[in-house]
Structures are given as structure tokens and as C-alpha cells.
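> Sharing a sequence plus its predicted fold:
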There are 2 protein chains.
Amino acid sequence: MLTRIDHIGIACFDLDRTVEFYRATYGFEVFHSEVNEEQGVREAMLKINETSDGGASYLQLLEPIREDSAVGKWLAKNGEGVHHIAFGTPDVDADADAIRKKDVRVLYDEPRKGSMGSRITFLHPKDCHGVLTELVTSAPPADPEH
Amino acid sequence: MLTRIDHIGIACFDLDRTVEFYRATYGFEVFHSEVNEEQGVREAMLKINETSDGGASYLQLLEPIREDSAVGKWLAKNGEGVHHIAFGTPDVDADADAIRKKDVRVLYDEPRKGSMGSRITFLHPKDCHGVLTELVTSAPPADPEH
């Protein structure tokens, strides 16, 4: 069950300049940044608000680290803008399976690694009225004993 | 000060079919629907979660009622997909004024009527790294005496 807007994924040519735009214009700060080699992106998460399911909503700014990454190819075709939207769920595996049975194409056989240790999958935009749609299950809180 | 992701605006060719896709695929229900003559759209708001500032985050599904509306022209060029993102603020006038002073073009001289009695304005996507960005102040709660 999808319980929040987890993030809006925004593709950009220059992550540092785009981070600076969001800071200077709106006061949004970087909550987390990382490189996702598998997705071929360098990214910054800007936390905008917390949500009623105990999670949060972010902007995810994405700069490709390879031209042949999905985001790199998308940027070359479309220019900067909203690349995808993501819904949070407690159980991405169950939701992906249920959605697959509704004849919506799920892009991965098994969820992969997303931001901040999350597990993610994507739905084909042609099956979602043009919207590349991600499903995300956040990482569990760190074990305080370790 | 922008305190939440208020909504993601998604342009579609057929509002009823798109509403049905979001209901059948994810279980999202229509919270509110209206026609905004000034914007030239028929729209449905799907409430996804509540937010830590006392507001909520929605998907806003938009079907043009005129081909020459902004959304109609955008759809003809781009096809279905994410049209804009919107941040909620307690004071759209103050935020629009502050952002205008940062050399980001604000599209309206004064905020106009948005969904559910809100007041809205838009920022030029070319000044926002390709993202058409809306600022929203929700309508105050209805007076219980009336």
C-alpha cells in the first residue's frame, strides 16, 4: 500500500549548481547525498516535510555520471526537469507483485538499491499515463546497538 | 517559507481514464474535483498523505478544457506526464515577492485562484532548472458558524 509521496526526482546537468538554486531560492538544504553507481547518478536529497506515515517527502536532484545511464539519456533528449515521481510503501515487493498482476510493467525483477539504503523499483511510464513512477521502501532505522 | 510538497500536477488527455488508472493501480481515491475556467482545466485531486505543517500532499490530475490553455498546449507538445510541482506556503504573496527579488520570474503579478480555494502563482521553468514550479497557500478552514 502506497502511503506517501516519497520524492520527486529532478534531472539536472550540474548537481552543485542545482543544489545552490534550491538553497538560494527556497532555503532548502541537502539532507543526504550519494553516488548510485548502478543507476549511474550523483544525487542530493532535500527534505521538504515529514509525512503522516512516519516518513518524509524529498526532492531528489539527479546528475548523471555516465551519458549512457537512464538519466543521462533522458536529459540528452528532454533537458532538465522532472524525471520521475516516487511513492513510499512499507513493502515494495508486495506492491510491485500486485501491480505487475494488473498488467503494468515493473522494470526490475527484484527491487534494487535506492537512496539512503532504500529498496526501489520503477513502473513503465507508458503504462502510467506518461509518468515514470518509482516505488520505495525506506531502510529500517539503524540498530542502536551497532 | 515553503513547508511542504503540496502536489504534483500531472497532465492527461482523459481525466476519467486517468483517475481510474490511479484508483485501480494504487487505490488512490478522488478527494476533490473541479473545473478551473481561468486555467482552462478540469482537475481531480487525489490525497496521498498529510504533512508535518498541517497540510497534505496530493496528485493533481489535469485535463485541458481548451486546446489553447497552458496545459492543452503543453500536452500537445509533450504528451502525458508531470506538468508541474507545487510547494505549500502559509504566505504565497510574501514568498512570491521574495523570490521575484532573486531574479526568478514569477508568472502572475498577483496570486490567482487554485484548487480548493487556494491562492497560487507559478515560477518560470527556465529560471528553475526546467521545472514549472507553483507556490500554493491553501484556503483557510471554513468558518464553522456559516
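Good, I have the coordinates.

> Up against chain B, what does chain A have?
For chain A, the residues in contact with chain B (C-beta under 8 Å from any C-beta of the partner chain) are A:1-5, A:8, A:10, A:12, A:18, A:21, A:24-28, A:48-53, A:57, A:59, A:79-82, A:85, A:87, A:99, A:102, A:104, A:125, A:128-131. All C-beta atoms are positioned from the backbone trio N, CA, C, and that covers glycine.

> Separate out the buried members of these.
Buried subset of the residues of chain A next to chain B (neighbour count, 16 or more other C-beta atoms under 10 Å in any protein chain shown): A:2-5, A:8, A:10, A:12, A:18, A:21, A:25-26, A:28, A:48-51, A:53, A:57, A:59, A:80-82, A:85, A:87, A:99, A:104, A:125, A:128-131.

> circling back: if you look at the residues of chain A next to chain B, which of them are in helices?
Per DSSP state H, helices hold the following members of these: A:18, A:21, A:24-26, A:99.

> what two of those residues have the greatest distance between them?
A:Ala24 and A:Ile99 (38.7 Å; C-beta to C-beta).

> which residues touch stretch A:11-20?
Here stretch A:11-20 makes contact (C-beta atoms under 8 Å, 6 or more residues apart in numbering or on different chains) with A:10, A:30, A:42-44, A:46, A:61-64, A:71, A:74-75, A:78, A:80-83, B:129-130.

> what residue ranges in chain A are flagged as low confidence?
Within chain A, the stretches with pLDDT under 70 are A:144-146.

> The same query, at a cut-off of 50, please.
Along chain A, segments meeting pLDDT under 50 are nowhere present.

> Which residue ranges of it form strands?
With DSSP state E as the criterion, chain A has strands at A:4-11, A:30-36, A:41-50, A:56-64, A:81-88, A:112-113, A:119-123, A:133-137.

> Single out the most deeply packed of the ones you listed.
Burial of the strands of chain A is given as mean neighbour count (mean count of other C-beta atoms under 10 Å in any protein chain shown); strand A:4-11 ranks first at a mean of 26.

> so that one versus strand A:81-88, what angle?
Here the directions of strand A:4-11 and strand A:81-88 differ by 160 degrees (axes from the mean of the first three to the mean of the last three C-alpha atoms, to 10 degrees).

> what angle separates strand A:4-11 from strand B:56-64?
Here strand A:4-11 runs at an angle of 60 degrees relative to strand B:56-64 (the same axes, to 10 degrees).

> hey, C-alpha coordinates of strand A:4-11 in PDB?
This file holds the C-alpha atoms of strand A:4-11, laid out as PDB (Å, rounded to 0.1, in the frame of the first residue of the first chain):
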ATOM      1  CA  ARG A   4       3.200   8.900   0.800                       C
ATOM      2  CA  ILE A   5       4.800  10.900  -1.900                       C
ATOM      3  CA  ASP A   6       8.400   9.900  -1.100                       C
ATOM      4  CA  HIS A   7      10.100  12.100  -3.500                       C
ATOM      5  CA  ILE A   8      10.100  14.000  -6.800                       C
ATOM      6  CA  GLY A   9      13.200  13.100  -9.000                       C
ATOM      7  CA  ILE A  10      14.600  16.000 -10.900                       C
ATOM      8  CA  ALA A  11      17.300  15.500 -13.600                       C
END
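
> Tell me how many other residues surround A:Gln39.
Number of residues near A:Gln39 (other C-beta atoms under 10 Å in any protein chain shown) recorded here: 20.

> from what I can see it touches A:Val71, true?
Yes. With contacts counted by C-beta atoms under 8 Å, A:Gln39 reaches A:Val71, the gap being 7.2 Å.

> out of the strands of chain A, which comes closest to B:Leu135?
strand A:41-50 (13.0 Å).

> Centre of the chain to the closest one, how far?
Strand A:41-50 has its C-alpha centroid displaced from the chain centroid by 9 Å (C-alpha atoms, centre = their mean, to the nearest Å).

> Then stretch A:22-29?
19 Å.

> tell me the contacts of A:Tyr22?
With C-beta under 8 Å, 6+ apart, A:Tyr22 has these contacts: A:28, A:46, A:59, A:61.

> Serialize the residues you listed to CSV and add fields for distance to A:Glu34.
Formatted as CSV, those follow (distance: C-beta to C-beta, whole Å):
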residue, distance to A:Glu34
A:Phe28, 17
A:Leu46, 13
A:Leu59, 15
A:Leu61, 12
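
> farthest-separated two in those?
A:Phe28 and A:Leu61 (9.8 Å).

> which residues do these two both contact?
Counting by C-beta under 8 Å, 6+ apart, the residues touching both A:Phe28 and A:Leu61 are A:22, A:46.
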